[in-house]
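>>> What follows is a predicted protein model with its sequence.
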Number of protein chains: 2
Amino acid sequence: MAKVKALKCKECGAEYPVEPIHVCEFCFGPLEIVYDYDEIKKNISREKIEKGPKSLWRYIDLLPVENPTVGLSAGFTPLVKAENLGKLLGLNNLYIKDDSVNHPTLSFKDRVVAVALSKAKEFGFDTAACASTGNLANSVAAHAASAGMKCYVFIPANLETNKIIGSLVFNPVVVAVDGNYDDVNRLSSEIANEFGWAFVNINVRPFYSEGSKTLAFEVAEQLGWKIPNVVVAPLASGSLYTKIWKGFNELREVGLVEGDLPRMLGAQAEGCSPIYQAFKEGRDFIKPVKPNTIAKSIAIGNPADGPYAVKVAKESKGDIQIATDEEIIEGIKLLAKTEGIFTETAGGTTIAVLKKYVEMGMIDKDEVVVAYITGNGYKTMEVLEGKLEKPIHIKPSLAEFKSKVIGG
Amino acid sequence: MAKVKALKCKECGAEYPVEPIHVCEFCFGPLEIVYDYDEIKKNISREKIEKGPKSLWRYIDLLPVENPTVGLSAGFTPLVKAENLGKLLGLNNLYIKDDSVNHPTLSFKDRVVAVALSKAKEFGFDTAACASTGNLANSVAAHAASAGMKCYVFIPANLETNKIIGSLVFNPVVVAVDGNYDDVNRLSSEIANEFGWAFVNINVRPFYSEGSKTLAFEVAEQLGWKIPNVVVAPLASGSLYTKIWKGFNELREVGLVEGDLPRMLGAQAEGCSPIYQAFKEGRDFIKPVKPNTIAKSIAIGNPADGPYAVKVAKESKGDIQIATDEEIIEGIKLLAKTEGIFTETAGGTTIAVLKKYVEMGMIDKDEVVVAYITGNGYKTMEVLEGKLEKPIHIKPSLAEFKSKVIGG
């Protein structure tokens, strides 16, 4: 595999062969893929990418997979010019990267799972697994079904009903753990050590997380091979945020785009904001918190990539802000009524924080801004209960329509 | 508008100018767009289409719109090679056309609404409306929001909760009518006559329904500019089914594909099967029925295009079959566990009927078969209640995992 050289510890720099491992045996730091960009440069071009499949696999030269077999339709989701929301906020070049219609399970997780399970098949695994706040479980269960793999998904027992059914329908073993995501994650790590399964976000994590880079690649291509000035993205484990940054860096590295890198603005829920807290207090380490927010898909109290996210926020001259549960719901409603896009709580957090940044004067009106919408509103419907206008009930009569609806 | 010549009555052939009208004033027959295929032939080519936008608008030369402004990301959804389901059924070339991830509201309705409201804007309407079984209401509400149009959607009061919230979030006026879809439709026709609104499936219907042709165009392109041997599609009003047929015919007419047209196999729910009944009894007219099925999105008891669907079934050497509610749920589960695609009841109906056709020996194992999945499972989750395996609840302990999940 000429394009991938090794795995490398992000902390001490120790190198490892390309295997399903994720932790440095010397310092316990996380492992990251090392590419041979000189080699990649020789093969990659805008033309080649544009002729590629209508999926994230058009960027295979920058992904750690040789033979994509899982998630062949994932990615390459719409970039929507948000004219109405832009006008309302006073932004002339606002775009929504809309993963709420990602194939097949309606969140950005279809990207990382496509990469993780394609790689897992290359490694010879026959069982897929994950620890999840819901979206990942949906995606792993769906992709394992289509890949013909056995599947175990581990979720907090108190997850949204829709997200649980959205996993069960694919017929995996769903293990509902009494506790929050961090409890689920700890248990999953123990299990990963003992069973020979491809836990996409544990032992296959270095490969898995690379899938999120495609969120940067696609945006650059869809902007006409340009880097935006500002990115607004949600922070859960911190992986997505750091990989979007890595993606834009790589595009410059291999010569596909020129120009300045974006300011990375991050969004957390007030009820679970350990990365925001660390950034604000100038810490390079995370103090774990106990999540208490409706934004369950980003409610990770002990985020694995938190310290790296803080670093990216600083390095990119970016920032991290928070939204309350009420602001998150307002964010969902605002995006829906202006742009016709229905997102889940994570997307509501992103929109709420985008609004905050505009109000704080931290985005110039002519800057190119991309807000990442990472999931679909159908998965977190219960948060809207009592928060929307009600239907007007009438009998099937024109007279009743006129009196009750038009008013008279 | 050189490509569109006129509107024409499907019954008596009377011609009309291109205006927001839908019924012949002489014989009350429905109006249909008449194109100048010689003119279109001069402009259209595979190369031009392949360079077009990643949406249904790549086929603008065969759509009755000059200036697309609404639904710019609708369409061009994945065509998935269904290896697992194919193997299980004994089909070597089975494909799923997957509109469960259509942008923005996860059903094929985003196609017809993109066309209808782009046209409505050209006509100068400022208000969008529809009579809907749910998916259409979601789509009209979303597209009206992004188009800056006022919006009224009319639905049966007993609709699935998720579908109602999936409209309300876009902030239209939702009118819940005591009655079934046919009652809603009758009332909407009265309202359409009196208010100057763009009722997408009433006065704008001739334009609206053309959007479904893109389901044929995309499949042909995605198969490498080939026509499939067999199509399996659901029947509600009958419009989608007849327009898929029209789409394949048009591709041949303008010289983009060669070869035989497909056999059109249709799927209805047993609890609402007026088109199936007419086909079976050799009638060219529809006897309206009172719907009683979980497949609410296709529960139209008095289908507007029913007679034309019967005609297409005959003309294409096709057929129409039905599925019971139980079979529909099994169809949803079958597609999910084999292909990782989660569809709603209409899709379950299609898969159930596909299975039936294979069992009846009506599809040869090497034929290229395309099953149209028209909507997303998140919208009809309640039908799965009690029909899926349950999560296994455990405390966050490895010992408990081993004893309760792995078994010991």
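Now that the structure is in, tell me what you want to look at.

>>> And the strands in chain A?
Along chain A, counting by DSSP state E, strands occupy A:4-9, A:15-16, A:31-35, A:79-81, A:93-98, A:127-131, A:150-156, A:173-177, A:198-199, A:230-234, A:263-269, A:319-323, A:368-373, A:392-394.

>>> Run a quick neighbour tally on residue A:6.
15 (other Cβ atoms under 10 Å in any protein chain shown). In short, each C-beta sits where N, CA and C put it, glycine included.

>>> Tell me which residues touch it, please.
A:15-18, A:34 (Cβ atoms under 8 Å, 6 or more residues apart in numbering or on different chains).

>>> What residues are bridge-paired with it?
Here residue A:6 sits in beta bridges with residue A:34, as judged by DSSP bridges.

>>> do residue A:152 as well
residue A:129, residue A:173.

>>> how about low-confidence regions in the stretch 101-250 of chain A?
Applying pLDDT under 70 to the stretch 101-250 of chain A flags no residue at all.

>>> one more time with 90
A:133, A:158-163, A:193 (pLDDT under 90).

>>> Next to chain B, which bits of it? Give me the list.
Proximity of the stretch 101-250 of chain A to chain B (Cβ under 8 Å from any Cβ of the partner chain) is limited to residues A:101-106, A:141-148, A:152, A:155, A:157, A:161-162, A:164-166, A:168-171, A:173-179, A:183-184, A:186-187, A:190-191, A:194.

>>> Same check on the stretch 251-400 of chain A?
Counting by Cβ under 8 Å from any Cβ, the stretch 251-400 of chain A sits next to chain B at A:332-333, A:336-342, A:376-379, A:381, A:384, A:388-398.

>>> Okay, and which of these map to helices?
A:332-333, A:336-339, A:398 (DSSP state H).

>>> Any of those residues buried? List them.
By neighbour count, with 16 or more other Cβ atoms under 10 Å in any protein chain shown, these hold A:332-333, A:336-339 as buried.

>>> Would you tell me which one of the residues you listed comes nearest to residue A:405?
Residue A:405 has its nearest neighbour among those in residue A:337, at 19.2 Å by Cβ to Cβ.

>>> okay but that closest one is in contact with residue B:167, surely?
No - using Cβ atoms under 8 Å, residue A:337 makes no contact with residue B:167, being 11.8 Å away.

>>> How is chain A divided into domains?
A:1-43, A:79-105+A:209-384 (the TED database).

>>> and those domains, which is most packed in?
When the domains of chain A are scored by mean count of other Cβ atoms under 10 Å in any protein chain shown, the highest mean neighbour count falls to domain A:79-105+A:209-384 (a mean of 22).

>>> distance between the ends of that domain?
26 Å (Cα to Cα, to the nearest Å).

>>> got it, and stretch A:207-216?
With Cα to Cα, one end of stretch A:207-216 sits 16 Å from the other.

>>> Can you give the distance of stretch A:155-166 from its chain's centre?
Mean-position distance between stretch A:155-166 and its chain equals 18 Å (Cα atoms, centre = their mean, to the nearest Å).

>>> Dump the ones in helices among the residues of the stretch 251-400 of chain A next to chain B to CSV, plus pLDDT.
Converted to CSV, these look like this (pLDDT from 0 to 100):
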residue, pLDDT
A:332, 98
A:333, 98
A:336, 98
A:337, 98
A:338, 98
A:339, 98
A:398, 96
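
>>> Return the member of the residues you listed nearest to residue A:307.
Lowest distance from residue A:307 to these (Cβ to Cβ) belongs to residue A:332, with 29.7 Å.

>>> OK, contacts around that closest one?
Residue A:332 neighbours (Cβ under 8 Å, 6+ apart): A:342-345, A:347-348, A:351, A:377, A:383-384, B:169.

>>> again, but for residue A:163
Counted by Cβ under 8 Å, 6+ apart, residue A:163 has contacts A:134-135, A:137-138, A:155, A:379-380.

>>> Likewise for residue A:96?
A:79-80, A:82, A:85, A:335, A:339, A:341, A:370-371, A:373.

>>> Let's have those in a markdown table, adding distance to residue A:356.
Formatted as a markdown table, the contacts of residue A:96 follow (distance: Cβ to Cβ, whole Å):
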| residue | distance to residue A:356 |
| --- | --- |
| A:79 | 23 |
| A:80 | 21 |
| A:82 | 16 |
| A:85 | 14 |
| A:335 | 14 |
| A:339 | 18 |
| A:341 | 19 |
| A:370 | 17 |
| A:371 | 12 |
| A:373 | 17 |
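
>>> Was I right to think residue A:136 contacts residue A:128?
No - assessed by Cβ under 8 Å, residue A:136 is found out of contact with residue A:128, at 10.9 Å.

>>> who touches both of the two?
Overlap of the contact sets of residue A:136 and residue A:128 (by Cβ under 8 Å, 6+ apart) consists of residue A:200.

>>> Next one: the closest residue to residue A:236 other than its chain neighbours relative to residue B:319, how far apart?
Distance criterion Cβ to Cβ, 6 or more residues apart in numbering or on different chains; nearest residue to residue A:236, sequence neighbours excluded, is residue A:298 at 3.9 Å. With distances taken as Cβ to Cβ, to the nearest Å, residue A:298 is found 49 Å from residue B:319.

>>> again, but for residue A:318
In this view, residue A:318 and residue B:319 are 59 Å apart by Cβ to Cβ.

>>> Repeat that for residue A:315.
Applying Cβ to Cβ to residue A:315 and residue B:319 gives a distance of 63 Å.

>>> What of residue A:357?
As judged by Cβ to Cβ, residue A:357 and residue B:319 stand 58 Å apart.

>>> do residue A:236 as well
Residue A:236 is 49 Å from residue B:319, by Cβ to Cβ.

>>> Surely residue A:60 and residue A:68 touch.
Yes - counting by Cβ under 8 Å, residue A:60 touches residue A:68, with 6.6 Å between them.

>>> excluding its backbone neighbours, what's nearest residue A:48?
Using Cβ to Cβ, 6+ apart, the closest residue to residue A:48 is residue A:61 (7.9 Å).

>>> Quick one: residues contacting the nearest residue to residue A:342 once chain neighbours are set aside.
Using Cβ to Cβ, 6+ apart and skipping residues adjacent in sequence, the residue nearest residue A:342 is residue A:377, 3.5 Å away. Taking Cβ under 8 Å, 6+ apart, we find residue A:377 in contact with A:100, A:332, A:336, A:342-344, A:347, A:384, B:166, B:169.

>>> Rebuild those residues as CSV, extending it with distance to residue A:112.
What follows is the contacts of residue A:377, written out as CSV (distance: Cβ to Cβ, whole Å):
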residue, distance to residue A:112
A:100, 16
A:332, 23
A:336, 26
A:342, 22
A:343, 18
A:344, 17
A:347, 17
A:384, 27
B:166, 26
B:169, 27
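
>>> which pair in the contacts of residue A:6 spans the largest distance?
A:17 and A:34 (11.2 Å).

>>> Need the residues touching each of these two.
Residues within reach of residue A:17 and of residue A:34 at once, by Cβ under 8 Å, 6+ apart, are A:6-7.

>>> Could I get the phi/psi values of residue A:20?
Residue A:20 has phi and psi values of phi -80, psi 70 when expressed as degrees, to the nearest 10.

>>> Can you tell me how far it is from chain B?
20 Å (Cβ to the nearest Cβ, to the nearest Å).

>>> circling back to that earlier point, now the residues of the stretch 101-250 of chain A next to chain B: which count as buried?
Using 16+ other Cβ under 10 Å, the buried ones in those are A:101-106, A:141-147, A:152, A:155, A:157, A:162, A:164-166, A:168-171, A:173-177, A:179, A:183-184, A:186-187, A:191.
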